[in-house]
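[1] Sharing a model prediction with you, sequence too.
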Amino acid sequence: MSNEAATATTAAEAAPAPESIPHGLGAALPAADARAKTEGTFPYAADLWAEGLLWAAVLRSPHPHARIVSIDTSHAREMPGVRAVVTHEDVPGRPVHGRGKADRPVFASEVVRHHGEPLAAVAADHPDTARMAAAAVIVEYEVLDPVTDPEQAFEAEPLHPDGNLIRHIPLRHGDPDAAGEIVVEGLYRIGRQDPAPIGAEAGLAVPRPDGGVELYVASTDPHTDRDTAAACYGLEPERVKVVVTGVPGATADREDQGFQLPLGLLALKTGCPVKLTATREESFLGHVHRHPTLLRYRHHADADGKLVKVEAQILLDAGAYADTSSEALAAAVSFACGPYVVPNAFIEGWAVRTNNPPSGHVRGEGALQVCAAYEAQMDKLAKKLGVDPAELRLRNVMATGDVLPTGQTVTCPAPVAELLQAVRDFPLPTLPKDTPEDEWLLPGGPEGAGEPGAVRRGVGYGLGMVHMLGAEGTDEVSTATVRVQDGVATVLCAAVETGQGFTTLARQIVQETLGIDEVHVAPVDTDQPPAGPGSRGRHTWVSGGAVERAAKMVRTQLLQPLAHKFGMSTELLQITDGKITSYDGVLSTTVTEAMDGKELWATAQCRPHPTEPLDETGQGDAFVGLAFCAIRAVVDVDIELGSVRVVELALAQDVGRILNPTQLVARIEGAVTQGLGIALTENLRSARGLIRHPDLTGYALPTALDAPEIRIVKLVEERDVVAPFGAKAVSAVPVVTSPAAIAAAVRAATGRPVNRLPIRPQAAVVTGQ
């Protein structure tokens with residue numbers, strides 16, 4: 001079953017008028033916080049206040065690599081208004097932290113390993129005093145040569161006690177001696193994309209009477225953050241509470257713990273509430289970025305264009321610390337061949353430490369980098385064979401029942417051919433008119449210097465895939481409680497609303513299951529059972545599944561007395577629009593009447609089927625589920641200036657089931673635009689480890705003027721039977737696919753190889769025209 005549209009689907013078109021909005025799954029229910037966010041009244045961490053508040057500032061290293069000779073805090077401590085200064089000596093518990101691996105110091109003690117690494121933190125009675133006091137901390141450095149080339153990390157002196165190599169995955173699948181008649185090779189580089197959330201990091205720490213502390217932060221994984229903080233503070237986990245505030249954007253690990261941990265230390269040391277609001281520069285310096293990646297590929301195909309073998313080397317630059325680089329590498333290696341049938345694959349993947357800015361989880365990590373490379377290879381094959389690029393892809397796409405290079409059988413729906421055919425057959429946009437009033441259509445915009453005669457149009461395709469939930473044996477579990485009293489339902493679940501729409505989904509689940517209109521989702525804190533991080537579609541699948549199970553248990557409690565009274569099974573009763581009726585019409589009552597003033601509640605967990613780590617040859621059933629996407633990009637390129645305008649992105653996606661049309665369209669449009677950023681503009685540049693222009697002037701995010709027409713051509717609703725509701729994650733795979741499609745279109749327009757993202761103007765210039 002599929003949902004097709006002849007023209008662009010937009011969020012405004014997808015949403016019916018408010019008075020016609022139905023309830024339950026599949027409805028375009030608006031977000032509960034939409035009005036407050038639109039009016040600017042929604043509370044974020046930067047808005048919080050407490051009596052007796054102190055302000056924090058963090059001193060960060062100006063060097064990417066240096067030995068710390070001494071740290072003198074005496075001048076800072078003596079400044080009027082300064083209440084505390086903390087360094088590594090003031091960390092009472094575990095001195096390191098990290099998402100995937102705890103190898104990152106709370107404060108550097110002997111060596112700084114990246115530009116912006118924290119060295120000390122100050123609490124003062126005014127934010128300006130705190131910043132001046134942080135600057136007054138005197139650090140004597142012995143500056144060391146930084147290792148910034150990941151290829152040099154293999155031979156360089158160890159940058160960390162754990163060495164420079166974080167992980168190596170040698171994937172072996174099939175016959176190493178297999179060879180094809182047609183061989184193409186390529187070298188590709190992917191830049192460092194920053195998640196650039198709309199709101200920079202901020203938080204408030206409040207000491208507790210029991211000697212503990214409460215952290216008010218925009219965490220996307222509050223229980224992990226609590227446990228990390230407790231370990232660093234030398235406290236039991238129950239004495240540290242994380243309260244999740246409004247999350248101002250999260251397409252990565254939203255809150256770097258390097259911001260949170262000094263807050264709690266200062267609050268514990270001063271006995272006062274302490275607030276920290278990061279500047280945009282501090283945000284760029286502190287949180288993790290997408291892994292810059294170097295990729296070497298060799299594709300073998302037969303004379304008909306069928307893939308025979310793929311060989312690849314993938315090198316991820318993790319920056320100074322491991323973070324989630326192991327997980328990103330597993331995704332990169334596993335999906336290095338893309339959604340294609342490849343009987344023989346030999347992939348070498350490494351993640352290494354350098355003195356570059358830290359890398360970690362960003363939406364589509366690992367999969368995005370390899371997608372850009374393998375799709376470039378498919379274009380090279382098509383050109384060498386003289387075959388249409390879409391046709392070559394169709395000859396090789398995978399389907400349900402095929403086997404990944406990891407040896408895992410694809411058991412979920414994989415309608416890759418259907419997706420590609422949909423975007424290929426969708427009508428192309430008309431060519432721009434060569435008239436003055438349409439100059440804004442030229443690459444470079446209305447003030448651009450380009451000439452219409454230098455503009456070339458190109459069409460390119462991208463096929464992408466991602467995994468959902470955690471991988472390689474991660475215990476994915478979430479817990480939810482549903483309470484009903486006086487006709488009102490409340491959902492308690494520690495799944496953080498990051499903009500992915502979980503709170504709206506939870507309301508829809510309860511509305512559909514219990515027939516109750518008024519449903520509230522409680523604020524998230526660590527007094528609730530854990531729900532895990534908000535990434536890779538986890539909360540739709542795992543937390544949504546837990547809410548559904550709890551709601552169904554409450555439904556049983558509600559219906560059992562009625563079923564017993566009328567001598568029938570609860571399965572013969574249904575709840576619709578707040579009314580309970582029996583199959584034969586004998587019973588008809590309202591949910592409120594059936595409740596009769598009682599409070600009903602239930603708690604449930606959802607845990608998907610287990611996965612396993614990749615073995616020493618990269619084999620194993622490492623993933624719970626997969627999602628796929630096809631995008632056709634149409635671009636106009638000024639071949640004299642190298643400027644690129646993306647005219648249209650036509651998308652078809654495998655979504656499993658549409659749970660909320662408005663939210664789904666918004667997520668897809670946002671994801672495609674994020675992919676546009678790394679394709680054309682976004683690259684956090686560094687020179688010998690020093691970040692250049694860590695601000696939103698130097699880091700070029702795409703704006704509304706850069707956003708193309710996004711045509712959602714087809715949404716394939718083939719339900720994944722192992723997923724609650726049959727739905728799939730929708731945000732990551734368009735991010736992964738759109739850069740590859742845009743690069744393919746630029747290649748088609750210019751004839752240039754385009755082997756680097758973002759695409760630099762010089763790569764799109766054609767000489768001798």
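    The structure has been received and is ready for your questions. Residues are numbered from 1 along each chain as shown.
[2] Sketch out the low-pLDDT regions of the chain for me.
    For the chain, applying pLDDT under 70 flags the ranges 1-22, 251-255, 432-440, 444-450, 768-769.
[3] Just give me the residue closest to the centre of it.
    Ranked by distance to the mean C-alpha position of the chain (CA atoms, centre = their mean), the top residue is Arg363 at 2.5 Å.
[4] Settle this for me: that one is touching Ser731, isn't it.
    Yes - the pair Arg363 / Ser731 is scored as a contact, 6.3 Å apart, by CB atoms under 8 Å. C-betas here are computed from N, CA, C, even on glycine.
[5] hmm, back to that, what's the distance between the residue nearest to the centre of the chain and Gly249?
    Using CB to CB, to the nearest Å, one obtains 12 Å as the distance from Arg363 to Gly249.
[6] which residues do those two both contact?
    Counting by CB atoms under 8 Å, 6 or more residues apart in numbering, the common neighbours of Arg363 and Gly249 are Pro195.
[7] CA atoms of stretch 649-668 as PDB?
    Provided in PDB are the C-alpha atoms of stretch 649-668 (Å, rounded to 0.1, in the frame of the first residue of the first chain):
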ATOM      1  CA  LEU A 649      14.300  17.100  -4.400                       C
ATOM      2  CA  ALA A 650      11.800  14.400  -5.200                       C
ATOM      3  CA  LEU A 651      11.600  11.800  -2.500                       C
ATOM      4  CA  ALA A 652      10.100   8.400  -2.000                       C
ATOM      5  CA  GLN A 653      10.400   6.700   1.400                       C
ATOM      6  CA  ASP A 654       9.700   3.500   3.100                       C
ATOM      7  CA  VAL A 655       7.800   4.600   6.300                       C
ATOM      8  CA  GLY A 656       6.000   1.400   7.400                       C
ATOM      9  CA  ARG A 657       2.900   3.200   8.600                       C
ATOM     10  CA  ILE A 658       2.000   6.900   8.700                       C
ATOM     11  CA  LEU A 659       1.200   7.700  12.400                       C
ATOM     12  CA  ASN A 660       0.800  11.500  12.000                       C
ATOM     13  CA  PRO A 661       0.900  12.900   8.500                       C
ATOM     14  CA  THR A 662       1.800  16.500   9.500                       C
ATOM     15  CA  GLN A 663       4.700  15.400  11.800                       C
ATOM     16  CA  LEU A 664       6.000  12.900   9.200                       C
ATOM     17  CA  VAL A 665       6.100  15.600   6.400                       C
ATOM     18  CA  ALA A 666       7.800  18.000   8.800                       C
ATOM     19  CA  ARG A 667      10.400  15.500   9.800                       C
ATOM     20  CA  ILE A 668      11.200  14.600   6.200                       C
END
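[8] Now do the residue nearest to the centre of the chain against Thr220, distance only.
    As for Arg363, its distance to Thr220 is 12 Å (criterion: CB to CB).
[9] which residues are in contact with both of those two?
    Counting by CB under 8 Å, 6+ apart, the shared contacts of Arg363 and Thr220 are Ser535.
[10] CA-only coordinates of the longest helix belonging to the chain, as CSV, when you get a sec.
    Secondary structure of the chain read by DSSP state H shows that its longest helix is helix 544-566. Extracted C-alpha coordinates of helix 544-566, given in CSV (Å, rounded to 0.1, in the frame of the first residue of the first chain):
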residue,chain,number,x,y,z
GLY,A,544,5.6,4.1,21.8
GLY,A,545,5.4,0.4,22.2
ALA,A,546,5.6,0.7,26.0
VAL,A,547,2.9,3.3,26.0
GLU,A,548,0.7,1.1,23.8
ARG,A,549,1.1,-1.9,26.1
ALA,A,550,0.4,0.1,29.2
ALA,A,551,-2.7,1.6,27.6
LYS,A,552,-3.9,-1.8,26.5
MET,A,553,-3.5,-3.1,30.1
VAL,A,554,-5.6,-0.2,31.3
ARG,A,555,-8.1,-1.0,28.6
THR,A,556,-8.4,-4.5,29.9
GLN,A,557,-8.9,-3.2,33.5
LEU,A,558,-11.7,-0.9,32.2
LEU,A,559,-13.5,-3.5,30.1
GLN,A,560,-13.2,-6.6,32.3
PRO,A,561,-16.0,-5.7,34.7
LEU,A,562,-18.3,-4.9,31.9
ALA,A,563,-17.4,-8.1,30.0
HIS,A,564,-18.0,-10.1,33.1
LYS,A,565,-21.3,-8.4,33.8
PHE,A,566,-22.6,-9.1,30.3
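[11] got the buried residues for that helix?
    544-555, 558-559, 562-563 (16 or more other CB atoms under 10 Å).
[12] From the contact counts, what lies against it?
    For helix 544-566, the elements it packs on are strand 478-485, strand 488-493, helix 502-514, strand 573-576, strand 579-582, helix 591-595, strand 600-606, judged by 3 or more CB pairs under 8 Å, 6 or more residues apart in numbering; DSSP states H and E.
[13] So which residues of the stretch 601-750 of the chain form helices?
    In the stretch 601-750 of the chain, helices defined by DSSP state H, counting those that start in this stretch lie at 661-680, 732-750, listed in chain order.
[14] want to try JSON lines for those, with mean neighbour count as columns?
    Listed next are the helices of the stretch 601-750 of the chain as JSON lines, based on neighbours: other CB atoms under 10 Å:
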{"stretch": "helix 661-680", "mean neighbour count": "24"}
{"stretch": "helix 732-750", "mean neighbour count": "30"}
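[15] Make CSV from those and add distance to Gly98 to it.
    Output for the helices of the stretch 601-750 of the chain, formatted as CSV (distance: least, CB to CB, whole Å):
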stretch, distance to Gly98
helix 661-680, 25
helix 732-750, 22
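[16] List just the one of those helices that sits closest to Ser283.
    Of all the helices of the stretch 601-750 of the chain, helix 661-680 sits nearest to Ser283, with 16.4 Å by CB to CB.
[17] Between helix 502-514 and the closest one, find me the angle.
    If you take axes from the mean of the first three to the mean of the last three CA atoms, to 10 degrees, helix 661-680 sits at 150 degrees to helix 502-514.
[18] List the contacts of the closest residue to Ala602 other than its chain neighbours.
    What sits nearest to Ala602 in space, not counting adjacent residues and going by CB to CB, 6 or more residues apart in numbering, is Met553, at 3.5 Å. By CB under 8 Å, 6+ apart, the contact list for Met553 reads Val482, Ala602, Ala604.
[19] what sits against the nearest residue to Leu431 once chain neighbours are set aside?
    Closest residue to Leu431 apart from its sequence neighbours, by CB to CB, 6+ apart: Arg457 at 6.7 Å. Shown in contact with Arg457 (CB under 8 Å, 6+ apart): Leu431, Val634, Val635, Asp636, Val637, Val647, Ala749.
[20] and with 7 Å instead?
    By CB atoms under 7 Å, 6 or more residues apart in numbering, Arg457 lies in contact with Leu431, Val634, Asp636, Ala749.
[21] can you list those in CSV and add distance to Asp125?
    Converted to CSV, the contacts of Arg457 look like this (distance: CB to CB, whole Å):
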residue, distance to Asp125
Leu431, 63
Val634, 57
Asp636, 56
Ala749, 59
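[22] Return the member of those nearest to Asp162.
    For those, the nearest to Asp162 is Ala749 (45.7 Å; CB to CB).
[23] Now do the helix or strand where Glu214 lies: which elements does it pack against?
    Per DSSP states H and E: Glu214 is located in strand 213-217. When contacts are defined as 3 or more CB pairs under 7 Å, 6 or more residues apart in numbering; DSSP states H and E, strand 213-217 packs onto strand 202-207, strand 240-244, helix 257-270.
[24] let's go with 8 Å and repeat that
    Applying 3+ CB pairs under 8 Å, 6+ apart, we find strand 213-217 packed against strand 202-207, helix 222-233, strand 240-244, helix 257-270.
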